[in-house]
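In: need a 3D model of the following:
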Amino acid sequence: MGLSASQARFLQLTARKSNVEYEAQQINFQRLQLSNQLDQATTLYQNQTTNRKLTFSFMGAEKQTVDITYNNYKNFMNQQQEGLSSSSQKLFLVSSSGNKIIVANEKDRDAIIQANNRTVTKTITPEEGSEEEATTEISQTPMFSESDFMIVEGLDDADSFQDAIKSGEYYFATYNDEFDGVNVTKKFNTEGWETIGGGAITEEYDKSDDAAAEAEYQRVQTKIQKVDKMLEMKLDELETERNAIQTEMDSVSKVIEGNIESSFKVFS
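Out: Coordinates of the predicted model:
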C-alpha cells in the first residue's frame with residue numbers, strides 16, 4: 001500500500017472511530033436518562049406506598065371508618081347522629097377563619113339550611129280584660145342563612161381536600177348558638193384532632209393504592225431494564241468495533257511510518 005493510499009485509509013479509519021465513539025456517547029446518555037427515569041419511578045413508588053390519609057371513625061349500629069372526603073363528610077360525618085334535635089353534635093366543614101361553612105355548590109348549601117332549623121317559641125298574651133287565655137306559638141326558622149356559607153370549587157378532589165384539612169385551610173367543628181328570641185350569637189367549636197361527637201379523626205397509612213403502585217413500578221422497571229440491556233449490548237458491539245478500528249489504525253500507521261522511512265532513505 002502506497003503512502004497516499006495508506007494516508008487515505010488512515011483518515012477513513014479515524015472518521016469511523018469518531019463516529020463509533022460519538023454513537024457510544026449517545027448510548028451512554030440514553031442509559032443515564034433511563035437511570036433518571038428509574039429513580040423517578042422509585043421515588044413515586046415510595047411516595048405512593050408511604051402516603052397517609054385522614055379517616056373518620058364513628059359508632060352507628062357498629063363501628064364504621066370512612067376516608068375523609070367531601071362526599072363522605074356530606075353522607076356520614078355531619079349526619080353521624082341523625083335525628084338529634086340540635087346541630088351541636090354534628091360536624092360542619094368550616095373555613096380557617098371559622099365564620100363560613102364550606103360547600104361545593106348551592107344544592108349542598110340549601111340542603112344544610114333545610115336540615116338545620118331552630119325552634120322558636122312565642123307566647124301570645126291576650127289583651128287585658130280579654131277572656132282569652134295565653135297561647136304558645138311554636139315555629140321553625142332556619143339556623144343558617146346563605147351568608148353563612150362559602151362555595152368552593154374542586155372539593156370533590158380527595159387528595160386536595162385532605163391536603164386542605166391537613167394544612168388547616170378547612171377544619172371540622174360542631175356548632176352552637178344562643179338565641180334570645182331576637183338576636184342570635186353563632187359559634188363554631190373546633191376540637192382539632194380530638195374525638196368529636198362520638199367520632200374520631202385519625203391519620204393512617206393509605207394502602208389502597210399500594211397494589212397498583214407496585215404493579216406500575218414493576219412494569220416501568222422491567223421496561224427500563226429491557227431497554228438498558230439492549231443499549232448495553234449495542235455499547236459492547238461498538239466497543240468491539242472501536243477496538244478493531246484501533247487495531248487496523250495501528251497497522252496502517254506502521255505502514256505509513258515504513259513508507260516515510262523508505263522515502264527518506266531514497267534521499268539519504
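In: by mean pLDDT, which helix or strand of the chain comes out lowest?
Out: Between all helices and strands in the chain, the lowest mean by mean pLDDT, DSSP states H and E belongs to strand 184-190, at a mean of 68.
In: so after that strand, what's the next helix or strand?
Out: Using DSSP states H and E, the next helix or strand after strand 184-190 towards the C-terminus is strand 199-205.
In: elements contacting that following strand?
Out: Using 3 or more CB pairs under 8 Å, 6 or more residues apart in numbering; DSSP states H and E, the elements in contact with strand 199-205 are strand 52-59. C-beta here means a position set from N, CA and C on the backbone, and glycine is covered the same way.
In: check the offset of the strand it packs on from the chain's centre.
Out: Computed by CA atoms, centre = their mean, to the nearest Å, the chain-centroid distance of strand 52-59 equals 19 Å.
In: check stretch 21-31 too.
Out: Mean C-alpha position of stretch 21-31 versus that of the full chain (CA atoms, centre = their mean) differs by 35 Å.
In: and the contacts of it?
Out: Residues outside stretch 21-31 that contact it (CB atoms under 8 Å, 6 or more residues apart in numbering) are 228, 231-232, 234-235, 238-239, 242.
In: among those, which are located in helices?
Out: 228, 231-232, 234-235, 238-239, 242 (DSSP state H).
In: now those: which count as buried?
Out: Among the ones in helices among the contacts of stretch 21-31, those scoring as buried are 228, 231, 235, 238, 242 (criterion: 16 or more other CB atoms under 10 Å).
In: excluding its backbone neighbours, what's nearest the last one?
Out: Setting aside the residues directly before and after it, Arg242 is nearest to Val20 in space (CB to CB, 6 or more residues apart in numbering), at 4.8 Å.
In: in contact with that neighbour, which residues?
Out: Contacts for Val20 (CB under 8 Å, 6+ apart) come out as 238, 241-242, 245.
In: including pLDDT and distance to Leu13, could the residues you listed go into a markdown table?
Out: Output for the contacts of Val20, formatted as a markdown table (pLDDT from 0 to 100; distance: CB to CB, whole Å):
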| residue | pLDDT | distance to Leu13 |
| --- | --- | --- |
| Leu238 | 93 | 15 |
| Glu241 | 91 | 11 |
| Arg242 | 91 | 11 |
| Ile245 | 90 | 6 |
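In: roughly how far does the residue nearest the centre of the chain sit from Ala104?
Out: Using CA atoms, centre = their mean, the residue of the chain that lies closest to the mean C-alpha position is Asp159, 5.7 Å off. Distance of Asp159 to Ala104, computed by CB to CB, to the nearest Å: 16 Å.
In: just Tyr45 next, same as before
Out: Counting by CB to CB, the separation of Tyr45 from Ala104 is 32 Å.
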